[in-house]
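Trainee: With the sequence up front, the predicted model follows.
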Amino acid sequence: MDQARLRKALLGWYDRQARTLPWRTPPGSNSAPDPYFVWLSEVMLQQTTVPHATPYFLNFTGRWPTVGDLAEAPDADIMAAWAGLGYYARARNLLACARAVARDHGGIFPDTEEALRALPGIGTYTAAAIAAIAFQRPANVVDGNVERVMSRLFAVQTPLPAAKPELTRLADSLVANDRPGDWAQALMDLGATVCRPKGLLCDLCPLDHACAALADGNPQTYPRKSPKALRPRRYGVAYVLRRNGKTALMTRPTKGLLGGMLALPTSEWRAKPWTDAEAQSAAPAVLAWRDAGEIEHVFTHFALTLRVFVAEGNWNEAAWFSDLSGLPSVFLKAARKA
C-alpha cells in the first residue's frame, strides 16, 4: 500500500468535505483549536452522536467558557446540565479533570499524551485525540469509526473485539508528523459519513483505490464481529410521590450507576421481578401507592424493567421539584408513565 498516496488522498478529501463542528477549526487552519473544547467534545462524544452531543457542548461552553469556569461550577449544576448524555461517571470525571487542570496546571491542559493520561477520566483514546487535534502531536487516535475504516481498508479477518490490537497497529502505521490533527479528524469523518456501519458510500470514498474489502466485493461484511452475548435483564420499582404539584426526588449515591444524579426513589434492581407486596414494602414511605404500569430501559450492560408506583403524600427525606426535565432518561420515562 502506498501510504503517501493514501494520506494525500484522505487529507485532500478532508480539506473539501470536513464537517463543520463547533469544537473544530477548519482543516489546514493556522489557529489551533482550544484544548478545552477538544477535551469537552471528546468526552461528550464517547457514547453518543454528534447531533445529540452538539447542543450539550454549546450549553456547556456558553455557561462555562473556560476550563477554569467549569472547575468552579457546583457539582449539582454540572450533573443537571449533563442529564440526557448518559454514563454519568463521565460527568463526575469531567469535574475532577477540570479541577485538576485548574489546580495543578494553571488552567492549561498539558500537551503530551503521557501528561494528559495522568488527568482524571482521560484514557488512551482521549489523550491521543487531544494531543493530535489540539497540540499537533503525531498520536494514534482510534475510535469506532477508525476501527471500521481500518478493518475495511486492510480486510481484517479477525472479529471484534479481538481485532482491536491489530486495528490499532494498522492505524498507527499511517500516522505521520504532517497535519496529525487533521489526519485524525479526517479518519473520523470518513467513518462517520462515508465508510458507515450501514449504507456505505464507496463511490464517494477517497480511499477506494486502496480498500482491500472493496476489492473483494464485500466491504459491508467488515468489521467482522463475534456473536453478541445476551444482555441480562434486571427488575426494579420506581416511586413517583407527588405533593402540591411537585415530585419527590433524591440524590443517588456518588458511586455506581447514575451516581450523584437526582432521581426518583427506587427499589434495588435485581434479577427477578417484584411482586406487588414487595413493591409496597420497598416504598420510601407508607402511603396509598398504586401501580401505574411499567417502563423498559436499556443500559449498556443490562436491560431494565421498572414498575412505576404513584402516590400523593409526604416524605421527609425528599427534595421537591416541579421541573423534572433534568432527570436521567430512565427516571423521566417513569415520571411520564405516572
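Mentor: That came in fine, so what should we check first?
Trainee: neighbouring contacts of stretch 214-234?
Mentor: Stretch 214-234 is contacted by residues 147-148, 151-152, 155-163, 167, 198, 200, 202, 205, 208, 211, 213, 269-271, 298, 301-305 when judged by Cβ atoms under 8 Å, 6 or more residues apart in numbering. Backbone N, C-alpha and C define where each C-beta goes, glycine included.
Trainee: if you set the cut-off to 6 Å instead, what comes out?
Mentor: 148, 151-152, 155, 159-160, 200, 202, 208, 213, 269, 302-304 (Cβ atoms under 6 Å, 6 or more residues apart in numbering).
Trainee: What's the mean pLDDT across that stretch?
Mentor: Averaged across stretch 214-234, pLDDT comes to 92.
Trainee: quick one, what contacts the residue positioned nearest the centre of the chain?
Mentor: Nearest to the mean C-alpha position of the chain, counting by Cα atoms, centre = their mean, stands Gln47 at 2.4 Å. Contact partners of Gln47, counting by Cβ under 6 Å, 6+ apart, are Gly86, Tyr87.
Trainee: low-confidence ranges in the chain?
Mentor: 1 (pLDDT under 70).
Trainee: and it, what are its domains?
Mentor: 33-135, 233-337 (automatic domain parsing).
Trainee: Using just helix, strand and coil, how would you label Leu304?
Mentor: The three-state label given to Leu304 by DSSP: H, G, I helix; E, B strand; the rest coil is strand.
Trainee: Can you show me the strands along the stretch 101-250 of the chain?
Mentor: 233-243, 246-251 (DSSP state E, counting those that start in this stretch).
Trainee: so which of the ones you listed is the most packed in?
Mentor: strand 233-243 (a mean of 21; mean count of other Cβ atoms under 10 Å).
Trainee: Please compute how far that one lies from its chain's middle.
Mentor: 26 Å (Cα atoms, centre = their mean, to the nearest Å).
Trainee: Extract the CA atoms of that strand and return them as PDB.
Mentor: The C-alpha coordinates for strand 233-243 follow below in PDB (Å, rounded to 0.1, in the frame of the first residue of the first chain):
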ATOM      1  CA  ARG A 233     -32.400  -8.200  32.400                       C
ATOM      2  CA  ARG A 234     -33.000  -6.600  35.800                       C
ATOM      3  CA  TYR A 235     -36.200  -5.600  37.600                       C
ATOM      4  CA  GLY A 236     -37.000  -2.700  39.900                       C
ATOM      5  CA  VAL A 237     -39.700  -0.300  41.100                       C
ATOM      6  CA  ALA A 238     -39.700   3.500  40.800                       C
ATOM      7  CA  TYR A 239     -41.800   5.600  43.100                       C
ATOM      8  CA  VAL A 240     -43.400   8.800  41.900                       C
ATOM      9  CA  LEU A 241     -44.500  10.700  45.000                       C
ATOM     10  CA  ARG A 242     -46.300  14.000  44.500                       C
ATOM     11  CA  ARG A 243     -47.300  16.800  46.800                       C
END
